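Student: from the sequence below, what's the structure:
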Amino acid sequence: MGLGASTTPLPLSITSRLAPELYDHVLDEFHASKSMLSACSLVCKAWLPMSRNHLFFSVNLRPNFVRFLRESPHAIATVTPYIRNVGLGGGWMREQRDEFNDIILFMITLEHVRKIHMETFSWTYLASPATTALLGGHGKVFQTLTVLDLKFIQFPSFAVLRTLASQFHGLRELIFDNVTWDAVEDDSQPDASQPERPAPFLSRFQTLRIVASPNEPIISWLTSAVSEDGTALVAPIRSLNLPEILPHEAPLIGKFLSSLASSLENLELGFLAHNYDAPALRDAVGKIDLSPHTRLRTIRIHQLTLYQFPSTPPTPTSPSTVPDVSPYVWLVPFLARIGSSELSEITFNMWLGGETQLDLIDWNALVRVLANPLFIRLDVVHFHVRGIEKDTDDEVGGWIFHRLRDWEGAQECLQVSFE
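Tutor: Just a heads-up that it's a prediction; the model follows:
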């Protein structure tokens, strides 16, 4: 049939007998097209619920949209039940405080929200009714939320942040991205005279991501909880993402990881080691032992900045050279301590400027680690490369493959991507 040929709709005697799941499957295919879903919602009553489910699954609460919902009882009844993900996007200005507070008070009344993404605002924008509701858990959203995603937010103290997060009883995932607080003193430790109550979500908590935010207070808070009988409460975290660990934080991270031995499946770590003494960093990272984590499936290593700015510019007679002790001397021994037969993927996020910089990694030792008989399920070793000139992209894969050529899985399992 040609593209210009007319089509005849199927008769009602046939369409009325089709299983509703078939229509749902068709509408699922349009989940990313607002215009298509809007058109589908007008076809018939049977298509309306699924169309609305996709149309309003994720919404960004802005003043005009909230005003529309508040002023229309029909919209409240037919739109809000489908809202699952809420965004409070960035760009809030101090003069918009009244609107922002109104949106906060509206958001906490929503009954079915599972995820909140809050971005780019200061806690000082909030008036008393909003802060009281947020820190007191006054609203339906505190019972339903499972994911709290905070980005570019400034709190007056870590205690306020901790109290806010603790109001969400069913929380399973916490994301801190460029989250800061003003208090200089360390308020991450509870007052001995008034012991901090464990976060109610701790027994369900599964995913933690901390990016460009202080690790230590957050980790200390999550590891200091004890039950009424004095035993430590351990969150069953399955995915942990800490891409920016300072060397002095390594012992705390190691202790935290040791408490997750029975649950951890996906791990992302990176060490901010620029201008740090390489042997000292090796010793610090050596305190992190992955051998007890027998369920570990994936591991990603961040901050492998092989492109090193020399302390003095190279000259034709004195070119830049690889340092006597590589700043990544810790890398292969760290991977060698993995003790999981479930491991299926290892990823390296690296900055690279030229081939010789790859020699900062001990490739012979890495081959021996990859050949460990324990790693029977390892089928992806991925190098994600940034910083390289575009005209050398094709060469980089060859550079890496050449260094891993003695590993039997190199041909089949090696992946190289670029950004």
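
Student: any regions of the stretch 51-200 of the chain where pLDDT drops low?
Tutor: Within the stretch 51-200 of the chain, the ranges that satisfy pLDDT under 70 run 184-196.

Student: change it to 90
Tutor: 51-56, 75, 88-98, 100, 120-125, 183-200 (pLDDT under 90).

Student: in this structure, which residue is most central in space?
Tutor: Nearest residue to the geometric centre of the chain (Cα atoms, centre = their mean): residue 209, 4.7 Å.

Student: now the element after the helix or strand encompassing that residue, going C-ward?
Tutor: Assigned by DSSP states H and E, residue 209 falls within strand 207-211. Toward the C-terminus, strand 207-211 is succeeded by helix 215-223 as the next helix or strand (DSSP H and E).

Student: now that following helix: buried residues?
Tutor: 215-219, 221-222 (16 or more other Cβ atoms under 10 Å). Using the backbone N, CA and C atoms, a C-beta is placed for each residue, glycine as well.

Student: now do stretch 409-419
Tutor: Residues of stretch 409-419 classed as buried by neighbour count (16+ other Cβ under 10 Å): 409-410, 413-414, 416, 418.

Student: span of it from start to end?
Tutor: The distance separating the two terminal residues of stretch 409-419, taken as Cα to Cα, to the nearest Å, comes to 24 Å.

Student: next: stretch 62-77.
Tutor: When the end residues of stretch 62-77 are compared by Cα to Cα, they are separated by 19 Å.

Student: how far does the helix or strand hosting residue 411 sit from its chain's centre?
Tutor: Per DSSP H and E, residue 411 falls inside helix 410-413. On the basis of Cα atoms, centre = their mean, to the nearest Å, the separation between the geometric centre of helix 410-413 and that of its chain is 28 Å.

Student: stretch 155-175 now?
Tutor: On the basis of Cα atoms, centre = their mean, stretch 155-175 sits 16 Å off its chain's mean C-alpha point.

Student: returning to that earlier point: with pLDDT and distance to residue 346 added, can I get the buried residues of helix 215-223 in CSV?
Tutor: Written out in CSV, the entries for those read as follows (pLDDT from 0 to 100; distance: Cβ to Cβ, whole Å):
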residue, pLDDT, distance to residue 346
215, 96, 23
216, 95, 27
217, 94, 30
218, 95, 26
219, 94, 24
221, 92, 30
222, 91, 26
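
Student: rewinding a little: distance to residue 351 and pLDDT added to the buried residues of stretch 409-419, as CSV?
Tutor: As requested, the buried residues of stretch 409-419 are exported to CSV (distance: Cβ to Cβ, whole Å; pLDDT from 0 to 100):
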residue, distance to residue 351, pLDDT
409, 25, 95
410, 22, 95
413, 23, 97
414, 19, 97
416, 14, 95
418, 12, 92
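
Student: from those, which two are the most distant?
Tutor: The largest distance within the buried residues of stretch 409-419, taken as Cβ to Cβ, falls between 409 and 418 and amounts to 21.5 Å.

Student: what about the strands in the stretch 51-200 of the chain?
Tutor: Remark: strands assigned in the stretch 51-200 of the chain by DSSP state E, counting those that start in this stretch are 58-60, 85-88, 115-122, 147-155, 173-181.

Student: now these in TSV, with distance to residue 296 and mean neighbour count?
Tutor: Output for the strands of the stretch 51-200 of the chain, formatted as TSV (distance: least, Cβ to Cβ, whole Å; neighbours: other Cβ atoms under 10 Å):
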stretch	distance to residue 296	mean neighbour count
strand 58-60	31	15
strand 85-88	29	18
strand 115-122	26	18
strand 147-155	23	19
strand 173-181	19	19
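
Student: okay, these in TSV with distance to residue 367 next?
Tutor: Putting the strands of the stretch 51-200 of the chain into TSV (distance: least, Cβ to Cβ, whole Å) gives the following:
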stretch	distance to residue 367
strand 58-60	45
strand 85-88	44
strand 115-122	42
strand 147-155	39
strand 173-181	36
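
Student: closest one to residue 109 among the ones you listed?
Tutor: Smallest distance to residue 109 across those (Cβ to Cβ): 11.5 Å, for strand 85-88.

Student: tell me which residues are up against that closest one.
Tutor: By Cβ atoms under 8 Å, 6 or more residues apart in numbering, the list of residues contacting strand 85-88 from outside reads 57-61, 100, 103-104, 107, 110, 113-119, 121.

Student: any idea how far it is from the middle of the chain?
Tutor: Strand 85-88 sits 16 Å away from the centroid of its parent chain (Cα atoms, centre = their mean).

Student: could you check how far the closest residue to residue 200 other than its chain neighbours is from residue 112?
Tutor: Residue nearest to residue 200 in three dimensions, not counting chain neighbours: residue 169, with 4.5 Å by Cβ to Cβ, 6 or more residues apart in numbering. Computed as Cβ to Cβ, to the nearest Å, the residue 169 to residue 112 distance reads 15 Å.

Student: closest one to residue 150 out of the buried residues of stretch 409-419, please.
Tutor: Distance to residue 150 across the buried residues of stretch 409-419 (Cβ to Cβ) is lowest for residue 418, with 30.4 Å.

Student: who's in contact with that closest one?
Tutor: For residue 418, the residues meeting the contact criterion (Cβ under 8 Å, 6+ apart) are 384-386, 388, 393, 396.

Student: if we use 7 Å, what do you get?
Tutor: Neighbouring residues of residue 418 by Cβ atoms under 7 Å, 6 or more residues apart in numbering: 385, 388, 393.

Student: on the three-state scheme, the closest residue to residue 416 other than its chain neighbours is what?
Tutor: Taking Cβ to Cβ, 6+ apart, and ignoring the residues beside it in sequence, residue 416 has residue 397 as its nearest neighbour in space, at 4.2 Å. Three-state call for residue 397 (DSSP: H, G, I helix; E, B strand; the rest coil): helix.

Student: separation between residue 397 and residue 221?
Tutor: Between residue 397 and residue 221 the computed distance is 43 Å (Cβ to Cβ).

Student: if we can go back for a sec, can you lay out the contacts of residue 418 as JSON lines showing distance to residue 252?
Tutor: Putting these into JSON lines (distance: Cβ to Cβ, whole Å) gives the following:
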{"residue": "385", "distance to residue 252": "31"}
{"residue": "388", "distance to residue 252": "34"}
{"residue": "393", "distance to residue 252": "39"}
